[in-house]
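In: Build me a model:
(2 chains)
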There are 2 protein chains.
Amino acid sequence: MAQQKKMVNDITAMDEDFAKWYTDVVKKAELVEYTSVKGCMVIRPYGYAIWENIQKTMDEMFKATGHENVCMPMFIPESLLNKEKDHVEGFAPEVAWVTHGGSEKLEERLCVRPTSETLFCEHYKAIVHSYRDLPKLYNQWVSVVRWEKTTRPFLRTREFLWQEGHTIHATAEEAREETVKMLNVYADFCENILAIPVVKGVKTEKERFAGAEDTYTIEALMHDGKALQSGTSHYFGDGFAKAFDIQFTDKDNRLKYPFQTSWGTTTRLIGAIIMTHGDDNGLVLPPKIAPIQVIVVPIAQHKEGVLEKAAELCERLSKVCRVKSDITDNSAGWKFAEYEMKGVPLRLEIGPKDIENNQCVLVRRDNGEKVFVSLDELEEKIPELLEAVHKGLYDKAFERRKNMTYVAHDFDEMKFLADNKPGFIKAMWCGSRECEDRLKEEVGVTSRCIPYEQEKLSDVCVCCGKPADKMLYWGKAY
Amino acid sequence: MAQQKKMVNDITAMDEDFAKWYTDVVKKAELVEYTSVKGCMVIRPYGYAIWENIQKTMDEMFKATGHENVCMPMFIPESLLNKEKDHVEGFAPEVAWVTHGGSEKLEERLCVRPTSETLFCEHYKAIVHSYRDLPKLYNQWVSVVRWEKTTRPFLRTREFLWQEGHTIHATAEEAREETVKMLNVYADFCENILAIPVVKGVKTEKERFAGAEDTYTIEALMHDGKALQSGTSHYFGDGFAKAFDIQFTDKDNRLKYPFQTSWGTTTRLIGAIIMTHGDDNGLVLPPKIAPIQVIVVPIAQHKEGVLEKAAELCERLSKVCRVKSDITDNSAGWKFAEYEMKGVPLRLEIGPKDIENNQCVLVRRDNGEKVFVSLDELEEKIPELLEAVHKGLYDKAFERRKNMTYVAHDFDEMKFLADNKPGFIKAMWCGSRECEDRLKEEVGVTSRCIPYEQEKLSDVCVCCGKPADKMLYWGKAY
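Out: Here you go, the predicted structure:
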């Protein structure tokens, strides 16, 4: 069928130019379109449908863990943003400022939220008074703005869609538990829904969120060996509560400062899907969030009964999966290429011979495997195959990560690996900011995280040779 | 039970001060909270859950009529906003301007979208080339910003949540059909989901959306006799296409301008729900969008088996409705008041005697009616009662509107009604802008719409006495 493929799949090969491959895929799979609003993008129907599926599943996970959705204003008055010192230092350089409403100059500038800790703090102050008011477990699905210099669709845009969870608790223990719980929800989501294996860990102080006492992270490894931070969860201690003077009367009748967390994931996850599962034929979607899970392609559709059968199967299968049939007058080969580009997990081919034999052909997008299936067994077979595609994608990504994870024992080895072997580098670290800075400057890698699963690779820091007891993941990152 | 009610229901009476009643309800039912961001609000979990239910149902209606969701940037460059003359004149005076990114002044100001026609036009220009690319039937769920001077929660806020549909078609007929179809979807939604009767019609030229050839509207009548525009659908002709130079090659191989529509509803609908169904005990929610449809209140809950039975019923009923049980140690009376304030459609009371008799009490929020129901019949009875509440709310609102709709034949009558009889005024109009302006200035009413259902009330204009063949709804409006 290769010669029948339409030009749509004529995209840059991954090996040739990964960045170009990526932008070819996002454009040709019709996920986004550029606009005259620099650094912003239009998310097109197919791209947005992926986001809707991500949202739906994740939102259910949030609600199942007791969280409620709210909606905060998109603006933050400058004086409010300024209340927590570290936080404002981190974000002020990259916010968009509203200075005029209509033709009038505003008395106080407003920034478009880059994140909403300050707004939540103001709200907590208004509604939290007693231990009875705690905890508050909130989330919101909104867009935020960060004035980035260089941008790429989904990976880094000036405006992006995200969810931001914000919670407030009576005790530090409970808040820390929440922080970890939500990181686990993210990891669970990435692995079991998106089929993306992740490393769970803690950020170094240098890489922490502005204002956080600890930032937990999940890190995924992309096809090209670069790391992608895929979700973060922050423990704030009572720092924000003190800065915003939020206090509550505890059971013992004493005034206390509560403890806070926040956690977020973004449309970046779509970038992670593309760069984890995609191939030279385009997008490959994990079945659980694919807008179309099965595409029905009629073969020799001009022959009697073929289109009718395709429509009948589509109707029948809509009870067990998200299915669509393509009955346009494009050639079958054109359709194959089109839905390969769009990453549809399963293709169902049905032609006159198949109908005669009461069967059809099912083709997996992830590995091209074809099977003949009796039409009577489709309702059982399709969910099984979708599960197999999910597992296939996860295993392949896991295997690749394993093969692209290296160990460095000293500076030279680290430098050699960073220059020649794209991937994660595991190495010991003494804990000093100097070593972290030097590795960034001279080797070009950043610390990705201090993983939960520690290994003792040696006794000394990969950079300075002094005693070290922490094993870190390092890498080049998006 | 009245004396047991907690102070929460101690709100201003509607008749005493309707505006104060309204803000009491939004605060005490915990729908919103104010912020230091002037004119903006926090939508709290209970308020946001109502919006989520509105969104979910409406989104299904949009998808069932072939629409796809997308997401446009929140910013519009000034030059893009300026492209359609009428449109920019209408919106420029009330937009928020972003002038700085971080510490740098932008080369070109960006406004925060007040509505997204210009962005959709730019996008159409990029993706529509042939008749094969048409129609595009798009929608997005986002927030928009309009720099209003005076604001009220849900009714008029500087930032508000909405959906905006945008479609583009090969022919004028098809675009006009879409405009009308979506107005009907809105009317259907208001009447069959929110239990709010609406008048469908067309706006006069004066009241049209900036840039539209025609604006269709649904108008609802609030408790206080003021009108609330609850959804609008705009037909643009090819005006935007010409301004943005969007052309497509038609089947006859000639370049043509396509035709566009847009249509929107907002969080205002929550204001409409409050002011249509609410009463002096607080919110009254239409069952189809109520976050909690049935609240289970255990009576004498310290008695053996009561809490267990409440939990068991709650678990059982979760299959047929959105149900919650309140097992806090507040008194039953306190709970009654709490969920009345929150407008929960049905209260289920279960106490030791009830358990003995294998029954419970169901109380309707809309009219206070109590019925004893066998525990074996709850699965049938509750959906029936929810439907009855919906119908009861609709009928009551319909009856009230009927009683508050008046007819004016001349200017003096119009003036008398406007001054003394809150409600809709039906009157003939000659079609001149002068009369419309004079009625606004001297009588204080605006034209709400030229309804589909015309009645010939007389031969002459209510204002100037010249020949008139259009019957309009007039009123004071939010």
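In: All the helices of the stretch 251-400 of chain A, residue numbers only.
Out: A:268-277, A:306-317, A:332-341, A:352-356, A:378-403 (DSSP state H, counting those that start in this stretch).
In: among those, which is the most enclosed?
Out: Ranked by mean neighbour count, the helices of the stretch 251-400 of chain A are led by helix A:268-277 with a mean of 25 (mean count of other C-beta atoms under 10 Å in any protein chain shown). The way it works is simple: take the backbone N, C-alpha and C, and place the C-beta from them, glycine included.
In: can you list contacts of that one?
Out: The contact list for helix A:268-277, computed with C-beta atoms under 8 Å, 6 or more residues apart in numbering or on different chains, reads A:22, A:25-26, A:31, A:47, A:50-51, A:54, A:152-155, A:160, A:190, A:194-196, A:220-224, A:228, A:230-231, A:283-286, A:289, A:343, A:366, A:393, A:397, A:478.
In: picking that back up, closest one to residue B:173 among the helices of the stretch 251-400 of chain A?
Out: helix A:306-317 (28.4 Å; C-beta to C-beta).
In: How far does that closest one sit from its chain's centre?
Out: Offset of helix A:306-317 from its chain centre (C-alpha atoms, centre = their mean, to the nearest Å): 35 Å.
In: Please report the number of neighbouring residues for the nearest residue to residue A:387 once chain neighbours are set aside.
Out: In this structure, residue A:387 finds its nearest non-sequential neighbour in residue A:287, 7.6 Å apart by C-beta to C-beta, 6 or more residues apart in numbering or on different chains. Neighbours of residue A:287 under the rule other C-beta atoms under 10 Å in any protein chain shown: 26.
In: next one: residue A:151
Out: Residues near residue A:151, counting by other C-beta under 10 Å: 17.
In: Quick check: it touching residue A:160?
Out: No. Using C-beta atoms under 8 Å, residue A:151 makes no contact with residue A:160, being 9.6 Å away.
In: Need the CA coordinates for the helix-or-strand element of chain A with minimal mean pLDDT. PDB is fine.
Out: Least confident helix or strand of chain A, by mean pLDDT, DSSP states H and E, is helix A:85-91 with a mean of 90. Output in PDB follows, covering the C-alpha atoms of helix A:85-91 (Å, rounded to 0.1, in the frame of the first residue of the first chain):
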ATOM      1  CA  LYS A  85       8.800  37.600  47.700                       C
ATOM      2  CA  ASP A  86      10.200  34.400  46.100                       C
ATOM      3  CA  HIS A  87       7.100  33.900  44.100                       C
ATOM      4  CA  VAL A  88       7.100  37.400  42.500                       C
ATOM      5  CA  GLU A  89      10.800  37.200  41.800                       C
ATOM      6  CA  GLY A  90      10.200  34.000  39.900                       C
ATOM      7  CA  PHE A  91       7.200  35.200  37.800                       C
END
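In: Which elements pack onto that helix?
Out: With contacts taken as 3 or more C-beta pairs under 8 Å, 6 or more residues apart in numbering or on different chains; DSSP states H and E, helix A:85-91 sits against helix A:78-81, helix A:239-244.
In: Of these, which is nearest residue B:254?
Out: Of the helices and strands packed on helix A:85-91, nearest to residue B:254 by C-beta to C-beta is helix A:78-81, at 54.6 Å.
In: for the residue of the stretch 201-350 of chain A found nearest chain B, what are its contacts?
Out: Chain B sits closest to residue A:267 of the stretch 201-350 of chain A, with a gap of 8.9 Å, by C-beta to the nearest C-beta. For residue A:267, the contact set (C-beta under 8 Å, 6+ apart) comprises A:43, A:51, A:154, A:157, A:160-162.
In: For the residue located most distally from the centre of chain A, give me the pLDDT.
Out: In terms of distance from the mean C-alpha position of chain A, residue A:304 ranks first, at 45.7 Å (C-alpha atoms, centre = their mean). Looking at residue A:304, its pLDDT stands at 94.
In: next one: residue A:10
Out: pLDDT, residue A:10: 83.
In: dump the residue contacts of residue A:369.
Out: Contact analysis of residue A:369 by C-beta under 8 Å, 6+ apart lists residue A:363.
In: Try it again at 7 Å.
Out: Contact analysis of residue A:369 by C-beta atoms under 7 Å, 6 or more residues apart in numbering or on different chains lists nothing.
In: Kindly report the same for residue A:425.
Out: Counted by C-beta under 7 Å, 6+ apart, residue A:425 has contacts A:406, A:408, A:414, A:417-418, A:445, A:474-475.
In: May I have the phi/psi pair for the nearest residue to it once chain neighbours are set aside?
Out: What sits nearest to residue A:425 in space, not counting adjacent residues and going by C-beta to C-beta, 6+ apart, is residue A:474, at 4.5 Å. Main-chain dihedrals, residue A:474, degrees, to the nearest 10: phi -120, psi 160.
In: same check, this time on residue A:227
Out: Dihedral angles (degrees, to the nearest 10) for residue A:227: phi -90, psi 150.
In: Surely it touches residue A:449?
Out: No. With contacts counted by C-beta atoms under 7 Å, residue A:227 stays clear of residue A:449, the gap being 9.1 Å.
In: average model confidence for stretch A:263-272?
Out: Stretch A:263-272 comes out at a mean pLDDT of 98.
In: wait, I meant stretch A:206-223
Out: So the average pLDDT for stretch A:206-223 ends up being 96.
In: That stretch vs chain B: in contact?
Out: No. Stretch A:206-223 lies out of reach of chain B by C-beta under 7 Å from any C-beta of the partner chain, never closer than 14.4 Å.
In: end-to-end on that stretch?
Out: 26 Å (C-alpha to C-alpha, to the nearest Å).
In: cool, and stretch A:203-215?
Out: Start-to-end, stretch A:203-215 (C-alpha to C-alpha) is 5 Å.
In: outside of that stretch, which residues touch it?
Out: Residues from elsewhere that reach stretch A:203-215 (C-beta under 7 Å, 6+ apart): A:84, A:86-87, A:89-91, A:117, A:202, A:217, A:232, A:234-237, A:239-240, A:433, A:436, A:446-447, A:449-450.
In: what does stretch A:151-166 give?
Out: With C-beta under 7 Å, 6+ apart, stretch A:151-166 has contacts from A:23, A:26, A:32, A:39-41, A:51, A:58, A:62, A:67, A:115-117, A:120, A:138-141, A:143-148, A:182, A:262-268, A:270-271, A:478, B:71, B:73-74.
In: List every C-alpha atom in it, with coordinates, as CSV.
Out: Extracted C-alpha coordinates of stretch A:151-166, given in CSV (Å, rounded to 0.1, in the frame of the first residue of the first chain):
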residue,chain,number,x,y,z
THR,A,151,8.0,29.0,21.7
ARG,A,152,6.9,25.7,20.2
PRO,A,153,3.4,24.3,19.9
PHE,A,154,2.3,22.5,23.1
LEU,A,155,5.8,22.5,24.5
ARG,A,156,6.3,26.2,25.3
THR,A,157,3.7,28.8,24.3
ARG,A,158,2.9,32.2,25.7
GLU,A,159,-0.6,31.1,26.6
PHE,A,160,-1.2,27.5,27.5
LEU,A,161,-4.1,25.5,28.9
TRP,A,162,-3.6,23.7,32.1
GLN,A,163,-5.2,22.6,35.4
GLU,A,164,-3.9,24.0,38.6
GLY,A,165,-4.8,22.3,41.9
HIS,A,166,-4.6,24.3,45.0
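In: quick check: mean pLDDT across it?
Out: 97.
In: mind checking how far that stretch is from the chain centre?
Out: That offset, for stretch A:151-166, works out to 10 Å (C-alpha atoms, centre = their mean).
In: Appreciated, that's everything.
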